[in-house]
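# I would like to see how this sequence folds:
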Amino acid sequence: SIIKNILVVDSNVFLDKECDLIFDTISSKLKDENKKIKIHAVQFDEITNIKNNNSEKSAKARHGLRTIERLVNEDVIELDSLGISPEKNAYFDEFIIQKFRNSKEKYSVITGDIELRIKLSQIVRETGVESNVISSTDLLEKSRIYFLSKEFMKNHEKNYRLSPEDISKYTQIIEDESIK
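Next up, the predicted model:
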């Protein structure tokens with residue numbers, strides 16, 4: 001499983017509408033394994049600051065906050081205690097690099113940021129802590145395959161005369177392979 005003890009999703013993944021499919025794909029897996037995405041206050045503040053800066057990214061940040069709210073309501077996100085107003089210079093990358101470097105916990109980090117993936121992968125090699133650094137692009141492709149396969153099975157089960165047991169077995173194989 002890609003999900004170690006602590007699952008962290010980089011801010012850029014929440015801001016990317018395409019990545020909603022990743023959340024749709026992993027949320028049931030998280031529930032099954034009784035795990036949650038961890039959102040630290042600094043990350044929430046970073047997204048809030050992006051929303052408030054009136055740039056082209058502010059619409060993406062609003063989308064990210066809606067995604068977080070949806071996942072909180074689905075009970076797959078664990079939020080740190082949040083302050084009343086966001087820290088002005090909140091920057092999640094530095095925070096997660098320090099967490100990664102100073103922790104013996106097993107992390108899984110999903111990010112679209114190649115620079116962050118390189119840094120975190122280096123820390124994994126240096127510390128030997130068993131953690132995963134996952135490209136959101138790769139995971140999105142696996143999520144698309146998973147979604148299309150499940151939809152295909154649902155839409156064509158009568159044509160192939162598949163029993164409910166066959167459908168369940170095939171769906172489990174797809175899920176296991178796409179979320180590894």
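
# quick one, what contacts Ile97?
By Cβ atoms under 8 Å, 6 or more residues apart in numbering, the contact set of Ile97 is Leu116, Lys119, Leu120, Ile123. Placement of C-beta: from N, CA and C, glycine included.

# swap the cut-off to 6 Å and go again
For Ile97, the contact set (Cβ atoms under 6 Å, 6 or more residues apart in numbering) comprises Lys119.

# Please, which helix or strand holds it?
Assigned by DSSP states H and E, Ile97 belongs to helix 92-102.

# Quick one: mean pLDDT over that helix.
For helix 92-102, mean pLDDT is 91.

# Give me the contact list for the next helix or strand after it.
Beyond helix 92-102 in the direction of the C-terminus, DSSP H and E gives the next helix or strand as strand 107-111. The set of residues external to strand 107-111 that reach it, using Cβ under 6 Å, 6+ apart, is 2-4, 6-10, 13, 117, 120, 131-134, 136.

# quick check: angle from strand 107-111 to helix 92-102?
On the basis of axes from the mean of the first three to the mean of the last three Cα atoms, to 10 degrees, strand 107-111 is oriented at 160 degrees to helix 92-102.

# partners of strand 107-111, with directions?
strand 6-9 (parallel), strand 132-135 (parallel) (DSSP bridges).

# Distance check, the spatially closest residue to Gly83 that is not a sequence neighbour against Ser143.
In space, and not counting its chain neighbours, Gly83 is closest to Ala41: 6.4 Å by Cβ to Cβ, 6 or more residues apart in numbering. Distance of Ala41 to Ser143, given as Cβ to Cβ, to the nearest Å: 28 Å.
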